[in-house]
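# give me coordinates for this.
(2 chains)
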Amino acid sequence: MKKLLLTLFNVILCLVALAQNNGTVRGIVTDKDSKETLIGATVTLKNEKKTFKLAVSTGLDGSYVFKNVPAGKYEVEAKFVAYKDEDKDFDLKAGETKIISLQIESKSSSLDEVKVSGKSDEGSDYKSRSIERKSDQVLNAVSARAIEISPDLTIANVTQRVSGVSIERSNNGEGQYAIIRGMDKRYNYTLVNGVKIPSPDNKNRYVPLDIFPADIVDRMEVYKSLTPNLEGDAIGGGINLVLKDAPDRLTIRANAAIGLAGTFAIKNNFTAFDHAGSASSSPRIANGNNYSANISDFSNGGFNYETKHTPVSTVFGFSIGGRSANKKFGALAAASYQNTFRGTSTVFYDTDVDRSTNEPALKSVQSRRYSIQQERTGLHTKFDYKFNKANKIDLYASYMNLAQNEFRFQSDTTLNLGRVGAGTGRVTNTYRSTRTVQQIFSANLHGEHKLADHLEMNWSAVYAKATANQPDQATLTIVTGRTAILDAAGNKIGSAQNPALFNSTGAARSHIWAKNADEDKTGYLNFIYKPKIGDTKVEFSVGGMYRDKKRTSDYDDYTLAILNTTQAYDGNINNNAFRVQTVGGSPNNPLNYTFNEKIAAGYAQFKFTLGKLQTLGGVRYENTRQDWVTAANVNQTVGAVGSNKYADLLPSLNFKYALADKQNLRLSYYSAISRPGFYELIPHTGGNPDADYQELGNPNLKRITSDNYDLRYEFFPKQLDQLLVGVFYKDIKNPIEYALVNQATSIFYTAGNFGNASNYGFEMDFTKYISKFGFRANYTFTDSKITTTKTVLYRDAATTSLTQRTEEQTRPLQGQSKHIGNLSLLFKDAVSGLDAQLAAVYTGARIYTVSPYLDNDIWQKGTVTLDLSAEQKISKSFSVYVKVNNLLNTPSELEIRRPYQVTTATVNQDVANQTVGENVFIRKDEYKQFYLLGLRYKL
Amino acid sequence: MKNILKSLSVFGLVILLASCHKDELLTLSVPVIQSGSLITSENLPGGSIKGTMQAGKTYYFDKDITVNDGDTLLMQSGVTLIAVGDGTKDKAPQITVHGTLISLGTKEKPNYITVQNAATYHTEASAAKYDNVFKGSWGGILASPAPVTTAKPNPKGGDVIIKWTHIEFAGAASYGNDASIYKDGDARYAIYFANIEKDFILEDSWIFGSADDGIRTVGGKISIMRNTFELCGRAGGECFNMKSGTVGDLAYNMLIGSATNALKASNSGGTTIQCNVNMYNNTMTNCGFRQTKTGRGGSINYEQGARGLIYNNLISNCRFGLRMTTDADLVNIKYNNQYYYGSTSGILAQFLASDGVAKAQSADIKSATAKDKNPLFFSYNADQYDYTTNPGPIAAASMPAYITTVGTSNFGLQTSSPGRNKAKTDFTPMAVVKTTGNFGAIITPPGNDIGAYQTDGTGNQH
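Numbers count the residues shown, from 1 in each chain, chains lettered A, B, ... in the order given. Below is the predicted model:
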């Protein structure tokens, strides 16, 4: 042992001596003009006789280091894509540490606003930071490279890495919608290459972000303030997906990966169903309104299940792009395919409120299991042609397809009927198979022309169509249960299984067809005039936009009853006989509608810089005209047919003050609107058959308007390092929230405008790179307030009757978390070619569902999710990568913030999950980890 | 300084422009209300009608007819109103009542609201063939205030008063009939009444055959006395289903062969008035056997905050006895003097439905063993059907007519019946409806004998 220690000591001593004899060379590589540090530049150290040669790459902070360099005369040279080489000669003495910093010059002109003309590494973080810094408005950007090495497969999940953004997840735990600064999805829009795209979502205007595979995106920008040239319906903000552009030289990229969901790793329980037999249109749509459906119109396929063993997810991506020899013509094509299998298990307590105390009351406990397969295809092509310096056109076309097969099994045990402790009670089992195909196609022809010295013009003609088809959502309802066996004294001594019979009160089987399409035709035209007034360069732009949008929706709900009510279900529906109860479908349902919306907009905007102050301001005018026709009977439904028009004048003003070389102060104001969704306006009734109250469309909904203020300080000490600190305030008029309303003699759950709301907050974003390590953190505090009317159920002391009153309650906006934080650790070693990232997201508690009853809102608990990804270069063109999502198996948990109580009436409920005195447990979803292993190729 | 000034002036300019949001210019279609035309012919044209149907005449309608807000449709005695329909889409007319409906049948000259094939369907029912009985040939009566419009922001609706009237074979699927009440394809009810302000009086009438609930009320002042309900609900559904806002009395009704409960009260559906109904002196038999859900109830059911008094009901061979769920307004429910008869031990075990929390009461009469304490109906054999072999659910097709219809049976109690003189009489009906004038309700107070038929000749007159 002693000997070992001695040897070790000697070794260390020798090393120290060696280090003292040899010298060290270190330094930083920067851009000559911008003084920005450059990452990944190759630095080569050669001695005079060329007998010594070493090469390294600069780290995340632009630094390089050569250790143990023998004394002598050396040359150090820096090389970087699209930069001119630069070298320096020097003498290195023994034991000396020489600091040699290199400034290299870009081959092309500098960056201009959002458009980057210098071809540094496409889609790099560097570009994103430059964009944040140079943009005219408040925004955050995420680069393709950051997306590539992040643990995220879809754009939705990428958004949560941005400060102030949290996500709303779908049933499989994947992000689906972005909540920007606590503002619900309705307040945000999604742009692709700056152009708004229609949504395939049947209920909402906003586009589900999980339809976009992450790898066709070059850059994602999150706008937090608007300029007059942007559409005005983003009170929360906008997400712009800038898709990949044709590169200067032939570029081929490919990646392939396989993945596995943790849920299926141990238990082989992915349930698939057969959707081949389901007609893509309902019997009514296929055969006309007078068609009377018969049993042969309904396939049993949705109820024929097959268990898949450990289904393997696959991911492919391929892109090829290049430019003709004369650089005039560029083309890029990219394709992406993801086939993922995910599973979720859920425990859900269905609640009501106690009619005399208004406290939460448990109705039933449901155990749910989801098997979800998502096939995501993205195709995207871009061609551009530069006629000459002054004229350029490009054509961009994309197609996105998300086909989802979701099987849900739900076992619902009532807690009030026949419940004598655990393991007893009436049970309703529902088996539901849903296939949904969402598609977005868009084609955009865009031209840029220099008309005169100071005058530029650009235009776009866009056609886009988004469709969603949910053919034959098939649900089977089976009633069963376990009846307690009691002894003479009424004590439980056992329980007996009841037979599994088909539901006879409602539908034994239901088949729903829902289909909707949004077709947009949009034209944009902008003129930019850049004269010099005095010494000041001024930029005036005027422009306009016109969009003709047509939404169509078809809906049919068929119910089938069991022919002989005493037939039992043995797991194979082919053994049972049914009759069609709803032969006609839903021809009068208002969800069969056509909705036209025509938006005409124009703006005038100016921009100039006086000294250190850049001012950008102007005004936008948006004129909205809507009209709709539904299938509802005009003599029964107010607003079966309707139209609406309104106009908005939306000013905006953005100041950017350069405090110092690398520091900005921004102050901005903008006015914005948010239009109600079509589904909310259409006077439909029902929609959710499980709801306690009927849902009612509200054609009287007004649009939401808001005034938004932002103040932000920015500091960019080094190229990738940054510090952003900001505050914001939003004053919102007529916010739309859901509440119960009394209409005629019934109470409905409906969307309404609720006075005023305010939303303010604080935001911080910090990034620091030290050599091979990077550290990113952001934090957002948001506080919003809205007051709505809530119902209180109580027992009147005088009459002992059960009755209700209303009370005002102030609460945060739905979906707004007070605290949101992100923390990521990055490791990048250019020498070994290893990139790794550990990313944590904290999403604070937020309201998940607004309850019609006082103090009964359902809250989602705060969560911390941890994702890991790593990529290792294995040759010049190949690298292997691994992504692990949800390392901690973070569940999503819902609760009502009232203490759980056990009363004499509920003592027999005997439920798990609930603890007396703690908040009432509502729901817990577990998704488990998701692993992905892949290979990436770049040329 | 100059720069700052310039910027400030720009700022000022923008503020001057300050955002401006023009109000919405909204145009919504509103129901076109056709003024009600007086009845002049026996073939009703469809659309809005008002006036009087003359005694003894037969009227026909093949399209929906509406009684407008403020209008009245009155049927004198002996009127037959035929719904021309077969229950298929567009051939299932309904009577929509936004105003007042009065049907004044008499014991001697009852009224009928039925279909052309009524005789055939009755014959089929007697032969235990129920397909046409349950299919729903017409839409039923729907009484609720008219839709809210700017012209009429507060429509009041009116009363529905029905005496000595047969209402038969309703329940056809709705297609665009009233989206706020029925979805497309939903089975309609023979009568739907929703108006917390108004009276719904149903006396001495017959509800025969319905696809779902026979009658459903979502709010209303009710007096439901001395009626007979047969064959309500194909595979689910009640004879009379009351939701929030329903207040009043149900007494002396004879209810036979319903799919689920005979009478069900629940405060669900959200009005500010609690569902508060008294159920006394009703006779119910063979109810609840078509429902496939275990424990759903088969006679009287109180749930979700409903309250009221439950006395003197005769519950013979129903799948479940009184069922009060934990969420009913147990504080305000009073019950006693029920007479439970069961011909099997299975039925005995559910005299107090195990899914509920009702307890045995001091003055209840119960079979201690199967077939013990037979109620001794005048002419009805309570033990004829073999409930041991068929404990339920029972498919409709397997049900003989004698357990689904009254036919020629007499459910009055023989002198030696254990139910005689065992009823509680020291409480009073709520009597919330008008009881004066020609159209007023005739409320029969609690009687001495348990069940709907009284030795003194009062109670159910059928």
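
# so residue A:306 is in which element?
strand A:305-308 (DSSP states H and E).

# show me what the very next helix or strand once past that strand is packed up against.
Downstream of strand A:305-308, the next assigned helix or strand under DSSP H and E is strand A:313-323. When contacts are defined as 3 or more C-beta pairs under 8 Å, 6 or more residues apart in numbering or on different chains; DSSP states H and E, strand A:313-323 packs onto strand A:251-261, strand A:329-353, strand A:930-938. (Glycine included, C-beta is placed from N, CA and C.)

# now the closest residue to residue A:391 other than its chain neighbours: how far from chain B?
Once flanking residues are discounted, residue A:391 sits nearest to residue A:449: 5.1 Å by C-beta to C-beta, 6 or more residues apart in numbering or on different chains. According to C-beta to the nearest C-beta, to the nearest Å, residue A:449 stands 29 Å off from chain B.

# beta partners for residue A:449?
Residue A:449 has these beta-bridge partners by DSSP bridges: residue A:391, residue A:457.

# list the contacts of it.
A:390-392, A:456-458 (C-beta atoms under 8 Å, 6 or more residues apart in numbering or on different chains).

# recalculate using a threshold of 10 Å.
A:387, A:390-393, A:455-459, A:527 (C-beta atoms under 10 Å, 6 or more residues apart in numbering or on different chains).

# among these, which ones are buried?
Buried members of those, scored by 16 or more other C-beta atoms under 10 Å in any protein chain shown, are A:392-393, A:456-459, A:527.

# please enumerate the strands of the stretch 201-350 of chain B.
When assigned using DSSP state E, counting those that start in this stretch, the strands of the stretch 201-350 of chain B occupy the ranges B:206-210, B:215-225, B:228-232, B:240-251, B:254-256, B:263-266, B:276-280, B:283-285, B:300-303, B:308-311, B:314-316, B:323-324, B:333-336, B:339-341.

# quick one: strands adjacent to the shortest one?
Strands flanking strand B:323-324 in the sheet, each with its direction: strand B:300-303 (parallel) (DSSP bridges).

# so how far is the partner strand from its chain's centroid?
Computed by C-alpha atoms, centre = their mean, to the nearest Å, the chain-centroid distance of strand B:300-303 equals 14 Å.

# for that strand, buried residues please.
Those would be B:300-303, for strand B:300-303 by 16+ other C-beta under 10 Å.

# avg pLDDT for it?
For strand B:300-303, mean pLDDT rounds to 94.

# before we move on, back to that, out of the buried ones among the contacts of residue A:449, what pair is the most spread apart?
Greatest spatial distance among these (C-beta to C-beta): A:393 and A:527, at 16.8 Å.

# surely residue B:386 forms part of a strand?
No: in this structure, residue B:386 is coil, not part of a strand, as judged by DSSP: H, G, I helix; E, B strand; the rest coil.

# doesn't residue B:344 make contact with it?
Yes: at 8.5 Å, residue B:386 counts as touching residue B:344 under the criterion of C-beta atoms under 10 Å.

# the two: who's more crowded?
Applying other C-beta atoms under 10 Å in any protein chain shown to residue B:386 and residue B:344 shows that residue B:344 carries more neighbours, namely 19 against 10.

# go ahead and confirm that one touches residue B:372.
No: if you go by C-beta under 10 Å, residue B:344 and residue B:372 don't touch, sitting 11.4 Å apart.

# which residues of the stretch 51-200 of chain B lie near chain A?
Residues of the stretch 51-200 of chain B lying near chain A by C-beta under 10 Å from any C-beta of the partner chain: B:64, B:66, B:88-90, B:96, B:144-150, B:154-155, B:157, B:173-187, B:193-198.

# ranges for the helices of the chain?
You didn't say which chain, so I picked chain A. A:2-21, A:125-134, A:144-149, A:155-159, A:262-266, A:283-287, A:678-681 (DSSP state H).

# actually, chain B is the one I wanted.
Per DSSP H, chain B carries helices over the ranges B:2-17, B:118-126, B:131-135, B:345-349.

# before we move on, the earlier item: between the helices and strands packed on strand A:313-323, which gets nearest to residue B:59?
Comparing these by C-beta to C-beta, strand A:329-353 comes nearest, at 45.7 Å.

# restricting to C-alpha, output stretch A:802-816 in CSV.
In CSV, the C-alpha atoms belonging to stretch A:802-816 read as follows (Å, rounded to 0.1, in the frame of the first residue of the first chain):
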residue,chain,number,x,y,z
LEU,A,802,-81.2,22.5,-0.9
THR,A,803,-80.6,25.5,-3.0
GLN,A,804,-77.9,27.5,-4.6
ARG,A,805,-76.5,31.0,-4.8
THR,A,806,-73.8,32.6,-6.8
GLU,A,807,-70.6,34.2,-5.6
GLU,A,808,-67.8,36.0,-7.4
GLN,A,809,-64.4,34.3,-7.3
THR,A,810,-61.0,35.8,-8.3
ARG,A,811,-58.5,33.3,-9.6
PRO,A,812,-55.6,33.0,-12.0
LEU,A,813,-56.4,32.4,-15.7
GLN,A,814,-56.8,28.7,-16.6
GLY,A,815,-53.5,27.1,-17.4
GLN,A,816,-51.4,29.8,-15.8
